[in-house]
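Engineer: pasting the sequence and the predicted coordinates here, then a few questions.
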Amino acid sequence: MRPLLQWLLVAGLTFAGIAHSQAIEPLPFKNHAEEVRFQHLTGQLRCLVCQNESLADSNAELARDLRLDVFQQMQHGKSDAQIKQYLVARYSDFVLYDPPLKPDTWLLWFGPLLILFGGAVVVAVAIRKRNRDGVSVEAPPIDNGDDW
Amino acid sequence: MSRLLPFLGFMLLAGLFGFGIWWNTQHDPREVPSPLINKPAPAFNLPRLDDPTQTVSKASLLGKPYLLNVFASWCVACAEEHPTLMAEGSQLGILLLGYDYKDDPGDAKNWLREHGNPYGEVITDRSGRTAIDFGVYGAPESFLIDAKGVIRYKHIGPLTPEVIAKKLQPAIAALKKETP
């Protein structure tokens, strides 16, 4: 009787474990540090299918495959940079949420600065013009409708 | 002039807004250009759908250009694309290689029986592992691979008669000129 009970208990726990693993698809991390590294890395990668979701968050089929792929590469001792390089070679820079600084992306990185600079020039010119025209800020120019 | 300035600013923003709308009608914002264009196709060795004991590899296909078409029986857009392949696939003048992506072989066979089989050959990638090497992120996708095994053109999404006439046929014609 006792062995049967034990066996049932073990079997029950095993099946419960399988059912559970299918539900949440856990990866067999060696330790907590590895899991943290995995979550951090996949959080920086974009899912190609649901493009507003990271690889870590996405429930898409491809994201699941890529997570497994990233995990296996980690097991093989690949660095984060190597794994990113692997994905970029296949899916382009698009997989990176943080675009790398290179000639193609200069406009993206420095465009805002350019616009800020443009705005500064406009302001500087406007101030200069006012000073030259001898008009103070308190007294706006009388509009005689000439500019219409 | 200074009175016109706010109006001009508004027109500028409105123009930018209109341009954005126009741009999105011309481009699919979800489309990710492949970094693999003009690079060697990844090596693959995959079982045939009709006979899984036989495999087709990149090496075995060298020497002739072919169009690798990623499809699946579960893929809605592939069913949309299928009539075009049925009508024009045989007129491409190159091998049309079906790439059954993350699919049950039985489902794929039924699907091809139901819709017709435009492919010269069909290979299966059940795990989707090799598709990652190709940078596949959604079926259907089509890769034009030349006689040296280099990817020359990729189309993401369903092939339409328009895409075939305007993009694919010229790309195939260019290949034919290179390797008579």
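Structural biologist: Thanks, I have the structure now. This one's a predicted model, so the numbers in the text were calculated from it and none came from an experiment. Numbers count the residues shown, from 1 in each chain, chains lettered A, B, ... in the order given.

Engineer: for chain B, just list every one of the strands.
Structural biologist: B:45-47, B:55-57, B:66-71, B:95-101, B:121-125, B:141-145, B:151-156 (DSSP state E).

Engineer: orientation of the fifth one relative to strand B:66-71 in degrees?
Structural biologist: If you take axes from the mean of the first three to the mean of the last three Cα atoms, to 10 degrees, strand B:121-125 sits at 50 degrees to strand B:66-71.

Engineer: circling back: output the strands of chain B as a markdown table; include the columns distance to residue A:27 and mean pLDDT.
Structural biologist: Every C-beta, even on glycine, is put in place using the N, C-alpha and C of the backbone. Below are these laid out as a markdown table (distance: least, Cβ to Cβ, whole Å; pLDDT from 0 to 100):
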| stretch | distance to residue A:27 | mean pLDDT |
| --- | --- | --- |
| strand B:45-47 | 26 | 96 |
| strand B:55-57 | 30 | 95 |
| strand B:66-71 | 27 | 96 |
| strand B:95-101 | 23 | 96 |
| strand B:121-125 | 22 | 95 |
| strand B:141-145 | 28 | 96 |
| strand B:151-156 | 29 | 94 |
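
Engineer: between those, which gets nearest to residue B:87?
Structural biologist: Among the strands of chain B, the nearest to residue B:87 by Cβ to Cβ is strand B:95-101 (12.1 Å).

Engineer: partners of the closest one, with directions?
Structural biologist: Strand B:95-101 has the following sheet partners, assigned by DSSP bridges: strand B:66-71 (parallel), strand B:121-125 (parallel).

Engineer: what's the most buried one of the ones you listed?
Structural biologist: Burial of the strands paired with strand B:95-101 is given as mean neighbour count (mean count of other Cβ atoms under 10 Å in any protein chain shown); strand B:66-71 ranks first at a mean of 24.

Engineer: can you give me the angle that strand makes with strand B:141-145?
Structural biologist: For the pair strand B:66-71 and strand B:141-145, the angle between their directions (the same axes, to 10 degrees) equals 170 degrees.

Engineer: quick revisit: for residue A:50, which of the strands of chain B is the nearest?
Structural biologist: For the strands of chain B, the distance to residue A:50 is smallest for strand B:151-156, at 15.8 Å, taking Cβ to Cβ.

Engineer: what angle do that closest one and strand B:66-71 make?
Structural biologist: Computed by the same axes, to 10 degrees, the angle separating strand B:151-156 from strand B:66-71 equals 30 degrees.

Engineer: contacting residues around strand B:151-156?
Structural biologist: Outside strand B:151-156, the residues that touch it by Cβ atoms under 8 Å, 6 or more residues apart in numbering or on different chains are B:28, B:31-32, B:34, B:36-41, B:65, B:138, B:141-146, B:163, B:167-168, B:171, B:174-175.
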